[in-house]
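**Student:** have a look at this fold, sequence not included:
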């Protein structure tokens, strides 16, 4: 006869005296499903007066950097910018638009300006001015061979200038249209070289154009500002094309993509025709060019304000307005009777 202790042991083991398979687990029906991922939240802010933004970039940590022009002394968040007359400004913001830093730099009013941020938070800026550019910290970009200079500079994550380089117009004018930062901290610049057989210099290197109206060019600099290569882009050697370099991107591999537009002049009997086209060209990290891909019949639309994308898929946009501006998240209004433009920065959810 089995003892009560033996029967109790069988009960604990889930047995009845003979071997049996354990019961399958029963799915619970009272556990709620996991919540859906949170949707990104948009925002918009207005910042002071006398600020005219030119371009915006977003870093790997969603920090936002803006380059622009200031027409006078102003307050940008908790940062007071002393501007005797005119100056360029650089400002950076956290992912929610709070001002994290701001500074100015001295130059004549820029014609174009671009900005990029790399994974370490370093900032590259560039553009075109009619005088040397003084970034402070003992860093000046200028070239005595030309009163009109394209320029490119690199700053650390705190906005301190590390180096600057100038392009000189030897024959005819030029402009810097866009720049990008590579995975190794280098900077790539794309721009336009105007005029018949226009010439542009970067240090001791000189480029001579071939188009009737303008040529596109690309320059690559290493993390310390040294020139890697300096080359014509698009379809160089074709004299009947007006070329522009609009955008430049650097891949993780270091490969460089230049996108631009050009017009092919065609004979249409009694008149000359101008057929627009877009082109895409890649260079390896050493400057070797791959064949240019040309796409014709491309309609190019102008963008009213500078745009960038953050890691959450939001569109970061920056611009200036007078009166009332509403992105659907609360209207922003300038003071009545004031003629100055107010800068805005917004994160929009598509």
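**Tutor:** Alright, I've got the coordinates. The structure displayed is predicted, hence computed values, not measured ones.
**Student:** doesn't residue 92 lie inside a helix?
**Tutor:** No: assessed with DSSP: H, G, I helix; E, B strand; the rest coil, residue 92 is strand; it does not lie in a helix.
**Student:** surely it and residue 67 touch.
**Tutor:** No: counting by C-beta atoms under 8 Å, residue 92 stays clear of residue 67, with 10.1 Å between them. C-betas here are computed from N, CA, C, even on glycine.
**Student:** what about the stretch 1-150 of the chain, any weak spots by pLDDT?
**Tutor:** In the predicted model, the stretch 1-150 of the chain carries pLDDT under 70 at residues 1-30, 107-111, 131, 142, 144, 146-148.
**Student:** outside of stretch 52-60 itself, list whatever touches it.
**Tutor:** 64-71, 110, 112-119, 121, 123, 127, 306-311, 316-320, 341, 343, 345 (C-beta atoms under 8 Å, 6 or more residues apart in numbering).
**Student:** which among those count as buried?
**Tutor:** 64-71, 110, 112-118, 121, 123, 127, 306, 308, 310, 316-320, 341, 343, 345 (16 or more other C-beta atoms under 10 Å).
**Student:** can you flag which of the contacts of stretch 52-60 belong to strands?
**Tutor:** 64-70, 112-117, 123, 127, 306-309, 316-320, 343, 345 (DSSP state E).
**Student:** and for residue 158, the neighbour number?
**Tutor:** Residue 158 is flanked by 12 other residues according to other C-beta atoms under 10 Å.
**Student:** who touches the residue nearest to it when sequence neighbours are not counted in this structure?
**Tutor:** Sequence neighbours aside, residue 101 is the residue nearest to residue 158 in space, at 6.8 Å (criterion: C-beta to C-beta, 6 or more residues apart in numbering). Contacts for residue 101 (C-beta under 8 Å, 6+ apart) come out as 79, 91, 92, 158, 159.
**Student:** which of those residues tops the neighbour count?
**Tutor:** The most neighbours of any of the contacts of residue 101, using other C-beta under 10 Å, belong to residue 91, which has 28 neighbours.
**Student:** where does the nearest residue to that residue once chain neighbours are set aside land in three-state SS?
**Tutor:** Leaving aside its chain neighbours, residue 91 sits nearest to residue 102 (4.2 Å; criterion: C-beta to C-beta, 6+ apart). Following three-state DSSP, residue 102 is assigned to strand.
**Student:** surely residue 343 is in contact with residue 45?
**Tutor:** No: checked against C-beta under 8 Å, the pair residue 343 and residue 45 is beyond contact range at 9.2 Å.
**Student:** what touches both of these two?
**Tutor:** By C-beta under 8 Å, 6+ apart, no residue touches both residue 343 and residue 45.
**Student:** need the contact list for the closest residue to residue 187 other than its chain neighbours.
**Tutor:** In this structure, residue 187 finds its nearest non-sequential neighbour in residue 124, 4.5 Å apart by C-beta to C-beta, 6+ apart. Applying C-beta under 8 Å, 6+ apart to residue 124 gives the contacts 115, 116, 117, 118, 152, 153, 154, 155, 179, 180, 181, 187.
**Student:** any figure for the gap between residue 124 and residue 113?
**Tutor:** Going from residue 124 to residue 113 by C-beta to C-beta, to the nearest Å gives 11 Å.
**Student:** report pLDDT for residue 166.
**Tutor:** Residue 166 carries a pLDDT value of 86.
**Student:** please identify the helix or strand for it.
**Tutor:** strand 161-171 (DSSP states H and E).
**Student:** paired strands for that strand, with orientation please.
**Tutor:** strand 149-155 (antiparallel), strand 199-202 (antiparallel) (DSSP bridges).
**Student:** gap between stretch 252-262 and the chain center?
**Tutor:** Distance, stretch centre to chain centre, for stretch 252-262: 14 Å (C-alpha atoms, centre = their mean, to the nearest Å).
**Student:** nope, stretch 58-69 is what I was after
**Tutor:** How far stretch 58-69 lies from its chain's middle: 8 Å, per C-alpha atoms, centre = their mean.
**Student:** cool, and stretch 311-331?
**Tutor:** Counting by C-alpha atoms, centre = their mean, stretch 311-331 is centred 18 Å from the centre of its parent chain.
**Student:** ends of it, how far apart?
**Tutor:** End-to-end distance for stretch 311-331: 26 Å, by C-alpha to C-alpha, to the nearest Å.
**Student:** could you do stretch 53-64 as well?
**Tutor:** So stretch 53-64: terminal residues 13 Å apart, C-alpha to C-alpha.
**Student:** again with stretch 86-102
**Tutor:** 15 Å.
**Student:** can you check stretch 139-155 too?
**Tutor:** End-to-end span of stretch 139-155 (C-alpha to C-alpha): 10 Å.
**Student:** got a list of contacts for it?
**Tutor:** Outside stretch 139-155, the residues touching it (C-beta under 8 Å, 6+ apart) are 90, 122-135, 161-170, 173-176, 179, 185, 187, 189, 191, 200-201, 219, 221, 223, 225.
**Student:** and stretch 94-106, what's buried?
**Tutor:** For stretch 94-106, a neighbour-count test (16+ other C-beta under 10 Å) marks 95, 97, 99, 100, 101, 102, 103, 104, 105, 106 as buried.
**Student:** distance to residue 261 for those residues - can I get that in JSON lines?
**Tutor:** Listed next are the buried residues of stretch 94-106 as JSON lines, based on distance: C-beta to C-beta, whole Å:
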{"residue": "95", "distance to residue 261": "33"}
{"residue": "97", "distance to residue 261": "33"}
{"residue": "99", "distance to residue 261": "36"}
{"residue": "100", "distance to residue 261": "36"}
{"residue": "101", "distance to residue 261": "36"}
{"residue": "102", "distance to residue 261": "34"}
{"residue": "103", "distance to residue 261": "34"}
{"residue": "104", "distance to residue 261": "33"}
{"residue": "105", "distance to residue 261": "30"}
{"residue": "106", "distance to residue 261": "33"}
